[in-house]
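Undergrad: turn this into a structure:
(chains A and B)
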Amino acid sequence: MRVPEERLRAYSNLRRDFSEEEYINLQPIQRGGVLTEEARRAILEFGDGYSVCDWCPPKTARLDMITDPPIKQFYEDLATFLGMGVARVVTRCREAKFIAFRMLSQEGDTVVLDSLAHYSSYIAAELAGLMVKEVPNSGPPEYRIDVAAYASKIEEVKAKTGKLPAAVLLTHVDYMYGNVADAKAVGKIANDYNIPFILNCAYSAGVMPIDGKELGADVIVSSGHKSWAASAPTGILALGASLSERILSKSSIEGDLSKRRFAAKELALLGCTVMGAPMVTLMASFPAVVKRVEGWEEEVQKARFLVDELERIEGVRQVGIRPKEHTLTHMETEPFFRISESHKRRGYFLYDELRSRKIVGIQPGLTKHFKFNTYGLSWDQVRYVRDAFHDIAKKYQLKIK
Amino acid sequence: MSLSREIKEVINNMLSADQVLRETAPQHLMNGEEEKRFLDAVSKAEDSLRKIRGMAGMQR
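TA: Next up is the predicted model:
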């Protein structure tokens, strides 16, 4: 079937409206994935489909065995960086969670997870045939995960099913409030029960220092496009030595006619995973990522600064744990909501005002509350954002303390 | 260096200039160090362009 020319024209000269060169982008999920210069250069070299496979070793044809480009070394260094034994790159953090759930459980088992977990944690559990048992949070205004309740939830599962949960999952930093949960405490509980502990570091590994061994994590999952200055799709699956053989077990299937076997292939990864551009961006940014996590405290200082400055607008307040321990921030902004009620653009006025000042990433239409992320912005850029919000507040006669 | 590699040098150097724009968006008020990085990258790209014209036999 032919696709009409006028439809095909839609795919030519693709351009992004909000380039990093023109706008300050506060989108919570995008800040940690902004590419380094090295990663952008790497795309030029390795953008073609199977470009990283030029030197795939014929005897062990597997992505993690490729030494040019140095994928094999990268996996080793990635594991070291995270304080884990083995690392693999998969397509997304959610896939890493699914792989861990699937390989650590039997159908009908239960996973205990925090009540601020991302939806993909639930869906990964569902696809793996698992039930979920949620650990509560404190509710407004802190929404702090009650990490001690992991023990009681494990007991509840045991009492109800007669079995311990197949795994425990904690979202290290949640997507909604940017709270940093006490992973070490959960790791200890899981370890006491001898249950595998999966730590979802989608918003933490790659931007802040993470030592899986110190935190007692058996599995660390993360997102390259969210926090490792890499193109999508890139997920990270890092394993403690004790679980690596179980999770990365090899294929054993055999063709009934051909008798073909694929014993070198890692079953749960379905063989090779991320080839080409996304993989090389992750690798090319890695030296910068290793370095940038050392500057985490300053990144947090920038977030706290902006929170303090926004809270000078009367009626504006940050929700979640205070003071901020992460750059993903959730604000309640009732005064902007009041303006929206009589504004001709309604809730879109704030987006319009920010966009006219070359700031994007606050969800269009939201004024009562919104999220942002300051990660990777310079102090000048953070002050520019502060000035923009104050300017908008003054324009609409809001009080600034 | 091959013609193709020289073309990539142009693009890579312009990416270096572009990186400065990213770091100074949206106003692009560059400090001394940023301005130097930007201009150095543009100069290197210009050098590569001159080489490309020569290599391609198109030099006037």
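Undergrad: in chain B, what residue comes closest to chain A?
TA: Of all residues in chain B, the one sitting closest to chain A is residue B:26 (3.4 Å; C-beta to the nearest C-beta). Every C-beta, even on glycine, is put in place using the N, C-alpha and C of the backbone.
Undergrad: quick one: that residue from residue A:362, how far?
TA: Applying C-beta to C-beta, to the nearest Å, one obtains 15 Å for the distance of residue B:26 from residue A:362.
Undergrad: neighbour-wise, which of the two wins?
TA: A count of neighbours by other C-beta atoms under 10 Å in any protein chain shown puts residue A:362 above the other of residue B:26 and residue A:362, at 23 against 18.
Undergrad: does the more buried one count as helix, strand or coil?
TA: Using DSSP: H, G, I helix; E, B strand; the rest coil, the secondary structure recorded for residue A:362 is coil.
Undergrad: do residue A:123 as well
TA: In three-state terms, and counting by three-state DSSP, residue A:123 is helix.
Undergrad: which residues sit in contact with it?
TA: Going by C-beta atoms under 8 Å, 6 or more residues apart in numbering or on different chains, residue A:123 touches residue A:94.
Undergrad: work out for me the element residue 8 sits within.
TA: By default, I'm working from chain A. Using DSSP states H and E, residue A:8 maps to helix A:5-8.
Undergrad: please go with chain B instead
TA: Element membership of residue B:8 [criterion: DSSP H and E] is helix B:3-24.
Undergrad: and the helix or strand that that helix is followed by with helix B:3-24, angle?
TA: The first helix or strand that comes after helix B:3-24 along the chain, using DSSP H and E, is helix B:32-55. Angle between the axes of helix B:32-55 and helix B:3-24 is 160 degrees (criterion: axes from the mean of the first three to the mean of the last three C-alpha atoms, to 10 degrees).
Undergrad: mind listing what's buried along helix B:32-55?
TA: Buried residues in helix B:32-55, counting neighbours by 16 or more other C-beta atoms under 10 Å in any protein chain shown, are found at B:34, B:37, B:38, B:41, B:44, B:45, B:48, B:51, B:52.
Undergrad: and the nearest residue to the first one once chain neighbours are set aside, how many neighbours?
TA: Once flanking residues are discounted, residue B:34 sits nearest to residue B:20: 5.2 Å by C-beta to C-beta, 6 or more residues apart in numbering or on different chains. Residues lying near residue B:20 (other C-beta under 10 Å) number 23.
Undergrad: pretty sure residue B:20 is touching residue B:37, no?
TA: Yes. In this structure residue B:20 lies within contact range of residue B:37 using C-beta atoms under 8 Å: 5.4 Å.
Undergrad: overlap in contacts, the two.
TA: Contact criterion C-beta under 8 Å, 6+ apart; no residue bridges residue B:20 and residue B:37 by contacting each.
Undergrad: quick one: name the residues of the stretch 151-300 of chain A near chain B.
TA: Applying C-beta under 8 Å from any C-beta of the partner chain, one finds that the stretch 151-300 of chain A does not approach chain B at all.
Undergrad: what's the model's confidence in whichever strand or helix holds residue A:155, averaged?
TA: Under the assignment given by DSSP H and E, the secondary-structure element containing residue A:155 is helix A:149-161. Model confidence over helix A:149-161, given as mean pLDDT, is 98.
Undergrad: what's that helix packed up against?
TA: Under the contact criterion of 3 or more C-beta pairs under 8 Å, 6 or more residues apart in numbering or on different chains; DSSP states H and E, helix A:149-161 touches strand A:110-114, strand A:131-135, strand A:167-171, helix A:183-193.
Undergrad: so it versus helix A:183-193, what angle?
TA: Using the same axes, to 10 degrees, the interaxial angle of helix A:149-161 with respect to helix A:183-193 works out to 30 degrees.
Undergrad: put the alpha carbons of helix A:149-161 into CSV.
TA: Written as CSV, here are the backbone C-alpha positions of helix A:149-161 (Å, rounded to 0.1, in the frame of the first residue of the first chain):
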residue,chain,number,x,y,z
ALA,A,149,5.8,-0.9,57.5
TYR,A,150,7.5,-3.0,55.0
ALA,A,151,8.0,-5.6,57.8
SER,A,152,4.3,-5.7,58.7
LYS,A,153,3.3,-5.9,55.0
ILE,A,154,5.6,-8.8,54.6
GLU,A,155,4.0,-10.5,57.6
GLU,A,156,0.5,-9.8,56.2
VAL,A,157,1.5,-11.5,52.9
LYS,A,158,2.9,-14.4,54.8
ALA,A,159,-0.2,-14.8,56.9
LYS,A,160,-2.6,-14.6,54.0
THR,A,161,-0.7,-16.7,51.4
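Undergrad: buried set for that helix?
TA: Within helix A:149-161, the residues that qualify as buried by neighbour count (16+ other C-beta under 10 Å) are A:149, A:150, A:151, A:153, A:154, A:157.
Undergrad: would you mind listing the residues in contact with the residue of chain B closest to chain A?
TA: So residue B:26 contacts A:22, A:23, A:24, A:357, A:358, A:359, A:384 (C-beta under 8 Å, 6+ apart).
Undergrad: could you find the closest non-adjacent residue to residue 21?
TA: The chain I'm using is chain A. Here the residue nearest residue A:21, using C-beta to C-beta, 6+ apart, is residue B:21, at 4.1 Å.
Undergrad: with residue A:39 instead?
TA: Excluding its sequence neighbours, the residue lying closest to residue A:39 (C-beta to C-beta, 6+ apart) is residue A:281, at 4.0 Å.
Undergrad: what sits against the one you found?
TA: By C-beta under 8 Å, 6+ apart, the contact set of residue A:281 is A:35, A:39, A:40, A:42, A:43, A:224, A:229, A:230, A:231, A:234.
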